[in-house]
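Asks: predicted model and sequence below, questions to follow.
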Amino acid sequence: MTGFGAATLPTLYFIGVTTGQSSIMTIFPRWAEALGLMPCAIRGIDLPLHAEPEAYREVVSFIKNDPLSVGALVTAHKIDLLHVAADLFDELDDHASALHEVSCLSKREGRLIGHAKDPISARLALDAVVPKGHWGRRGAAGGDAFLIGAGGAATAITWNLMHPPAGEMSPGRIVVSDVSEARLDGLRRFHAGLGSKVRVDYVLSGSTADNDGILRSLSDRSLVVNATGLGKDRPGSPLGQQARFPAGGIVWELNYRGDLLFLDRAEQQAAEFGLTIFDGWNYFLHGWTQVIAEVFAIEIPTSGPKFEALSALAGGAPRQAGIGA
């Protein structure tokens, strides 16, 4: 299949596009030692974006049938993988069934289970990005939410925006743009099943100029998210030369590595427009710790000294700029 032999240690797989460039390949051994998981290993499985169905099925079958292959984290293939390999799973959790994606594979007593951890990790990361009460000030210009990209991360984030914590409100309007009409249609169908009254505009964006135009239409204090993978999986930015972020806006680049041109552009405008800017580091931490906890059946706190210790072991820090950063 993919050139992998049977695992000789309990092995966690990272199914992505350019996994060898990810910090997790060096971070995981340190975390595993701190969490008492050793001996174990991590391996990357690189697949091209929108790979052939056979490739996804081979990977899932390998992990399912290899005794010491204990699970996986899935990044850019969450929707495509489940679409073509759903029959290989013995069980899907509620989020995976609802969102039609898997970001985590785990095994219990020989059964392969698909999980969608993004709604959980997105909630945790979103809470660190959007201050409490932000949308509740809609009447005083609380702003919109604009997500560029309609993949798994955008699905999870919009789900959370439509299901705010008790006492919080949703943005007055959500705008999602993508280069694929099929992905937008899929997201539209998913949202239709939620029964939310939040207005969502789905925009087929054929160029960076289209996204620049949407930016100009946003109200002040809006949230702008790069959920495309551009800047990480592929070089570039979903925004063009005319991009102007909304005044007082919150800018969230979901990537933390790559050329990060989207983030660079926001930082250039941070002082002039009073932007608060975040990269994807916290999303990275929550995403991986949620999956490691599930795969190895352990508890990992989402905040506090133990979580901060894992963050310190990772050796990185969020790239933030602007007001409130």
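Replies: Good, I have the coordinates.
Asks: tell me how many other residues surround the closest residue to Ile27 other than its chain neighbours.
Replies: Excluding the flanking residues, the one nearest Ile27 by C-beta to C-beta, 6 or more residues apart in numbering is Ala314, at 4.7 Å. For glycine as for every other residue, the C-beta is placed from the backbone atoms N, C-alpha and C. Look at Ala314: counted by other C-beta atoms under 10 Å, it has 20 neighbours.
Asks: what about Ala314, distance to Leu204?
Replies: 37 Å (C-beta to C-beta, to the nearest Å).
Asks: Asp279 too?
Replies: 27 Å.
Asks: looking at these two, which is more packed in?
Replies: Using other C-beta under 10 Å, the more surrounded residue of Asp279 and Leu204 is Asp279, with 25 against 14.
Asks: list phi and psi for that one.
Replies: phi -100, psi -170 (degrees, to the nearest 10).
Asks: I'd say it and Val251 touch.
Replies: No - look at Asp279 against Val251 with C-beta atoms under 8 Å: they stay out of range, at 9.6 Å.
Asks: quick check: neighbours shared by these two?
Replies: Shared contacts of Asp279 and Val251 (C-beta atoms under 8 Å, 6 or more residues apart in numbering): Leu263.
Asks: pLDDT below threshold where in the chain?
Replies: For the chain, the stretches flagged by pLDDT under 70 are 1-3, 137-142, 231-233, 316-325.
Asks: could you pull out the strands for it?
Replies: 11-16, 41-46, 69-74, 91-92, 104-108, 111-115, 145-148, 173-178, 199-204, 223-226, 250-253, 276-278, 320-322 (DSSP state E).
Asks: which other helices and strands does the first one contact?
Replies: Other helices and strands packing on strand 11-16, by 3 or more C-beta pairs under 8 Å, 6 or more residues apart in numbering; DSSP states H and E, are helix 24-34, strand 41-46, helix 53-65, strand 69-74, helix 281-296.
Asks: please identify the deepest-packed of those.
Replies: strand 69-74 (a mean of 25; mean count of other C-beta atoms under 10 Å).
Asks: pairing partners for that strand, with directions?
Replies: strand 11-16 (parallel), strand 104-108 (antiparallel) (DSSP bridges).
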